[in-house]
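Visitor: Give me a model of this one.
(one chain, ligands or ions: 1)
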Amino acid sequence: MATNRGQFNSRLGFVLAAAGSAVGLGNIWKFPFEVGAGGGAAFVVIYLAFCFLLCFPVMISEIAIGRKTQLNAVGAFKKLGHHNWAWIGLLGILAGVFILSFYNVVAGWAFGYFLQMVQGNFEIGENFGSYISEWESIGLYGLVFMGVTALIVSKGIQGGIEKAAKILMPTLFAMIIGLMIYAFTLENAMAGIEYYLVPDFSEITGEVIYSALGQAFFSLSLGMGALITYGSYVSRKQDIVRSAAMITLTDVSVAFLAGLMIFPLVAFLNSGDMSSVSGGPGLIFATLPGVFEGLGPTLGIVIGAAFFLLLSFAALTSTVSLLEVPVAYLVDEKKIKRPVAVWGMATLIFLLGIPSLLGNGAVEQLTSFMTLYRDGQEQMISFMDFVELIASDTFLPLGGTVIAIFTAYIWKKHNLNAELMEGRETDSQWMMKYINFAVMFFCPLILGAITIITILERFFGIQVF
Ligand code: PHE
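Guide: Predicted coordinates:
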């Protein structure tokens, strides 16, 4: 069975594909606006701690489970545990399907912005609100985006994505650094950097903690089996711990640099006043076009178009991994042919995304969809916020908690360690000790507690803190 499932060519191939999954809209679009909504640097500190201390061991567990079983998310839990454990995988697949449904809409925004930049329409930033309410054009871009995603996934695991990632990821990286340096030279840049890097711990509320955790899982593509699925295509000669470290570092660096790029720009546009920054999904879309305009007509178009094109590509390597999870399940478990699974799933997910598409101004009932709680206050949220809250902020940390528990107590620690030792390139012990400690105690307790508190506070308005 393992032979016809496909495999990554090389370590670099796997690390790049997994980093391609991790690096996406989550880093460049979502991270900065979550920082803005979460009060700045305090959010960043908590986010970084979550990524390295809690998420990294979960990532290692996911890859190990995938490589050991050579199966999709559901099959893997069945094989290592028992039939009764299939639900963890199903929960993950559900999360992935819903995440992709709204992610594809935002990818449509990014692609649409590329087309606007090509035409030199820098005013689009000020018209962001009305732009996203135009569901016909955004829907069309989303359709194209889903089509391209499906095309890549239908070609199997190596296809063109490994090669594309090798060129695109470094280019995006270089571009962010270039824009960051430019941003530093602008007036009031310091105020933005201070907001981003000097923490005010009084800003930390329950809300900041849950959002930081949800964001860490989302950004690292964890908690839903994406890395179990990718792990199932990894060769036994690879060092899992090392690969996971590279993926985490790449992802966190891109997010961190995106913040360093965006906050000086926000400070410049707000004349140094950061008190009114509240984040929100429009942050990069509203801010960047005006900045590109400042580069002059020709350079502005070139840099602006390149930026949004690369952002679309970064989103593409993530949508590919999101679609691969349910597809691998249908292919392995339900014996459905790959192309049928791919196009069927892509269609279904596109349709599921329609309420998110319409909920940005086009249809009032979906725009003001329901009231939930934020720091004990009632708050009106859109359909898209709602899906994000359930699928990303709740299901992913919940998935991470059960994956850690499963790894430590059902699959068992010694089996994890044996899997990790295959291909391990060093014999240093401290890392293994930490991973064991984390999956046995640290992750289940802390992740579990935060997940339960999030559900109580967000959905039921019960203030635990
Ligand atoms: N990590 C991706 C991003 O940051 C999103 C994603 C989440 C992809 C979950 C796969 C699984 O854009």
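
Visitor: Residue numbers of the stretch 251-400 of the chain in contact with the ligand?
Guide: 318, 321, 322 (C-beta under 6 Å from any ligand atom). No exception for glycine: its C-beta is placed from N, CA and C like everyone else's.

Visitor: For the closest residue to the second one other than its chain neighbours, give its distance to the ligand.
Guide: Excluding its sequence neighbours, the residue lying closest to residue 321 (C-beta to C-beta, 6 or more residues apart in numbering) is residue 21, at 3.5 Å. Note on residue 21: its distance to the ligand, by C-beta to the nearest ligand atom, to the nearest Å, is 5 Å.

Visitor: And residue 349, by the same measure?
Guide: 13 Å.

Visitor: what about the helices in the stretch 301-450 of the chain?
Guide: 338-352, 354-358, 364-367, 383-387, 396-405, 413-421, 430-437, 448-460 (DSSP state H, counting those that start in this stretch).

Visitor: which helices and strands does the fifth one pack with?
Guide: Pointing back at helix 396-405 there. helix 56-69, helix 86-118, helix 206-219, helix 448-460 (3 or more C-beta pairs under 8 Å, 6 or more residues apart in numbering; DSSP states H and E).

Visitor: again, only this time at 10 Å
Guide: helix 56-69, helix 73-80, helix 86-118, helix 206-219, helix 448-460 (3 or more C-beta pairs under 10 Å, 6 or more residues apart in numbering; DSSP states H and E).

Visitor: Pull the distance from the helix or strand bottoming out on mean pLDDT in the chain to the chain's centre.
Guide: Every helix and strand in the chain was compared by mean pLDDT, DSSP states H and E; the lowest is helix 161-184, with a mean of 83. In terms of C-alpha atoms, centre = their mean, to the nearest Å, the centre of helix 161-184 is found 17 Å from the chain centre.

Visitor: swap in stretch 198-208?
Guide: Taking mean C-alpha positions (C-alpha atoms, centre = their mean), stretch 198-208 and its chain are 22 Å apart.

Visitor: Also stretch 34-45?
Guide: For stretch 34-45, the distance to the chain centre is 17 Å (C-alpha atoms, centre = their mean).

Visitor: so how far is residue 336 from the residue in the stretch 301-450 of the chain positioned nearest to the ligand?
Guide: Residue nearest to the ligand within the stretch 301-450 of the chain: residue 318 (4.1 Å; C-beta to the nearest ligand atom). The gap separating residue 318 from residue 336 is 23 Å, by C-beta to C-beta, to the nearest Å.

Visitor: Between the two, which is the more surrounded one?
Guide: Neighbour count, other C-beta atoms under 10 Å: between residue 318 and residue 336, residue 318 has more, with 27 against 16.

Visitor: Any idea how many residues pack against the closest residue to the more buried one other than its chain neighbours?
Guide: Nearest non-adjacent residue to residue 318, counting by C-beta to C-beta, 6+ apart: residue 24, 3.3 Å away. When neighbours are defined as other C-beta under 10 Å, residue 24 has 30 of them.

Visitor: residues in contact with residue 24?
Guide: Neighbouring residues of residue 24 by C-beta atoms under 10 Å, 6 or more residues apart in numbering: 30, 103, 106-107, 110, 218-219, 221, 251, 254, 311, 313-322.
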